[in-house]
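> predicted model and sequence below, questions to follow.
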Amino acid sequence: MTAHTIPAPQVDERPRRLLSAETLFHNATRLAAILVLVVLTAIGVSLLMGGWEALAKFGPAFLWTESWNPVKEEFGALVPIYGTVVTSLIAMLIGVPLSLGIAMFLTEICPNWLRQPIGIAIELLAGIPSIIYGMWGLFVFAPFFANHIEPWLIDVLGPLPILGPLFQGAPYGVGLLTGGLILTIMVLPFITSVIRDVFETVPPMLKESAYGLGCTTWEVVWNVVIPHTRTGIVGGLMLGLGRALGETMAVTFVIGNAHRLSASLLAPGNTISSALANEFTEAVGDIYLSSLIALGLILFVLTSIVLGIAKWMLVRLDARVSR
Amino acid sequence: MATPAPQASMLYRRRKLVNVASRIGAVGAAAIGVIALLLIIGTLFLNGFKSLDIAMFTETTPPPGSAGGMLNAIVGSLIITVIAAIVATPIAILAGTYLAEYGRYSLLAKPTRFVTDILLSAPSIVIGLFIYQIMVVPMGHFSAWAGSMALAIIMIPVVVRTTENMLGLVPDGLREAAVALGTPRWKVIQSVSYRAARAGIVTGVMLGVARISGETAPLLFTALNNQFWSTDLNAPMANMPVVIFQFAMSPYEDWQRLAWGGALLITLSVLSLNVVARVLVNAKRQRQ
């Protein structure tokens, strides 16, 4: 840009050509960035437009109506929302302590030579397509679960006073609990790799000081590492939760695809994404299709909020680390 | 301040106990994770290799009850993925360039970064719905084009993120040196920044391709599926993930066998893309 001030008439053409290439490239990159921004908005708008018919017809009651009846054209989102939330909660309830344990193992206990292979394995596993987890769940885990674990759960936990209703009914093998467990295995590598990265941001000095005072491994992790990385851990967990909420293939195989609200975790159920995967291409009628798209909108809003919070917390951790 | 001895040893014992318990817990957690994942990989390889044969690559998907392969699905997947990569790569690299170079601190950069991170983990089935709304409905039919666009949207944030990070690793001193020689900004980016970050950007593209090659959900209502050989981009096209989904859910033994073979193929290609990407980055790191 300073080229303009050079008082040399001969080079008059060159700077102008350079400038136009510059403007071109600058604007091309800016346009691409704007495009990314527009896509997210466009997703929300298009889902809102597609789901509008259903939302207008059923009103806010869509969110808590249990009925899902294509014949009578009555639709409500309660069952899929319940299934999505319950399977994700199961995945987090089991996945969080497990991944915290694995991260503690990787950063504090594991011998050095084993650290890298396990770390690489975790990252490769996080990249395996989710349909593989779903297939394994359907062909291997569900039959095993139905024959060996579920009868035991029904016998032992079923008669209990408060927990009991969660574990009653017939051992189908497929159902909310199976879906949640498969989801756990799927998000495990993902959450673990985030938490391990977060654990590694703890300055060695802090840990060494604690060890130097005579702290045990557990005391170092519990009193130094976890308080230091609290926001990062929560951010990582929310990222995992976002994944779990929106996951389709791993769950669809083993959820049972039943639009029925049941207290038992062993009963077949449905999630938003499974309902979409199973019914969308076969949906007949505008209102049916529109209701499914409205389900998609609910899922999109839900995951965006969760991911937004996750991102915000991770940014806060980054800001603190760089300070 | 002498503490009574028995109490001290109680405290000592309790701390030791908690520590041992937690260490056992951590090792146990790692063992559970590793065993579960080994079981899955083991089943996949065992069932997958049993059904891998020449027919897999030479015959099209069969009707239930007869032998066949997945030729049409393999070719379909390749076509859809390649088109998606061709569409997504330039857009994503340009957007990443904006975030790392021109607009590093601009007003536009912050929301774009935020949105990229949201898109990175957005449910892929929702992206399928979006493409259904804006492409399948107006066109009136499912098509391979729609499938490619859905995959492109999933791939873009992956590549934007890595491009930005890799360009961020290029030291500003290099850029300043080039600018000081009178090089215009676009030339600096193209001949200095891109060259220094090339391996990283290529890695990002490969990770993006790895990410989309196993995606099933967004293809369900965009590319759909096709029983027959077809390379018409304007028509539904067979593709590996959807065929695997359909065959695995079916009650037919032949179809389930083919599904395992296909699942193994997909996993192997995703894993090898990941491994090559990793090797590229490591080679680059060692040279520096």
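Sure thing, it's come through. Numbers count the residues shown, from 1 in each chain, chains lettered A, B, ... in the order given.
> longest helix anywhere in chain A?
Longest helix in chain A by number of residues (criterion: DSSP state H): helix A:13-58.
> any idea how far that one is from the chain center?
Centroid displacement of helix A:13-58 relative to its chain, using C-alpha atoms, centre = their mean, to the nearest Å, is 26 Å.
> tell me the strands beside the helix or strand just after that helix, with direction?
Of the helices and strands lying after helix A:13-58 in sequence (DSSP states H and E), the nearest is strand A:68-69. According to DSSP bridges, strand A:68-69 forms sheet pairs with strand A:74-75 (antiparallel).
> any idea how far the strand it pairs with is from the chain center?
On C-alpha atoms, centre = their mean, the centre of strand A:74-75 falls 28 Å from that of its chain.
> that one: what's the following helix or strand?
Trace forward from strand A:74-75 with DSSP H and E and the next one is helix A:78-104.
> run the angle between the very next helix or strand once past that next one and helix A:78-104 for me.
Per DSSP H and E, helix A:78-104 leads on to helix A:112-126 as the next helix or strand towards the C-terminus. Relative orientation of helix A:112-126 versus helix A:78-104 (axes from the mean of the first three to the mean of the last three C-alpha atoms, to 10 degrees): 160 degrees.
> can whichever strand or helix holds residue B:272 be said to contact chain A?
Assigned by DSSP H and E, residue B:272 belongs to helix B:253-287. Yes - counting by C-beta under 8 Å from any C-beta of the partner chain, chain A is contacted by helix B:253-287 at B:256, B:259, B:260, B:263, B:266, B:267, B:270, B:271, B:274, B:275, B:278. C-betas here are computed from N, CA, C, even on glycine.
> any of the residues you listed buried? List them.
B:256, B:259, B:260, B:263, B:266, B:267, B:270, B:271, B:274, B:278 (16 or more other C-beta atoms under 10 Å in any protein chain shown).
> the fourth one and residue A:215: what is the separation?
For residue B:263, the distance to residue A:215 under the criterion C-beta to C-beta, to the nearest Å works out to 47 Å.
> what about the chain, any weak spots by pLDDT?
Because you didn't say which chain, this covers chain A. Low-confidence segments of chain A (pLDDT under 70): A:1-19, A:321-323.
> actually it's chain B I care about, not the one you picked
B:1-8, B:284-288.
> for it, which segments count as helices?
Under DSSP H, chain B gives helices at B:5-51, B:54-58, B:71-97, B:109-121, B:124-131, B:137-139, B:144-169, B:172-180, B:185-188, B:194-196, B:198-213, B:217-220, B:240-249, B:253-287.
> and these: which comes nearest residue A:295?
helix B:124-131 (9.2 Å; C-beta to C-beta).
> list the buried ones in that closest one?
So for helix B:124-131, counting by 16+ other C-beta under 10 Å, buried means B:124, B:125, B:126, B:127, B:128, B:129, B:130, B:131.
> now distance to residue A:89 too, for these, in JSON lines please.
Listed next are these as JSON lines, based on distance: C-beta to C-beta, whole Å:
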{"residue": "B:124", "distance to residue A:89": "21"}
{"residue": "B:125", "distance to residue A:89": "20"}
{"residue": "B:126", "distance to residue A:89": "21"}
{"residue": "B:127", "distance to residue A:89": "25"}
{"residue": "B:128", "distance to residue A:89": "25"}
{"residue": "B:129", "distance to residue A:89": "24"}
{"residue": "B:130", "distance to residue A:89": "27"}
{"residue": "B:131", "distance to residue A:89": "30"}
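> and the closest residue to chain B within the stretch 151-300 of chain A, how many neighbours?
Nearest residue of the stretch 151-300 of chain A to chain B: residue A:246, at 2.5 Å (C-beta to the nearest C-beta). By other C-beta atoms under 10 Å in any protein chain shown, 27 other residues sit near residue A:246.
> and for it, nearest residue in space, chain neighbours not counted?
Closest residue in space to residue A:246, ignoring its immediate chain neighbours: residue B:123 at 2.5 Å, by C-beta to C-beta, 6 or more residues apart in numbering or on different chains.
> which residues touch the one you found?
Contacts for residue B:123 (C-beta atoms under 8 Å, 6 or more residues apart in numbering or on different chains) come out as A:245, A:246, A:247, A:248, A:273, A:299, A:300, A:303, B:217.
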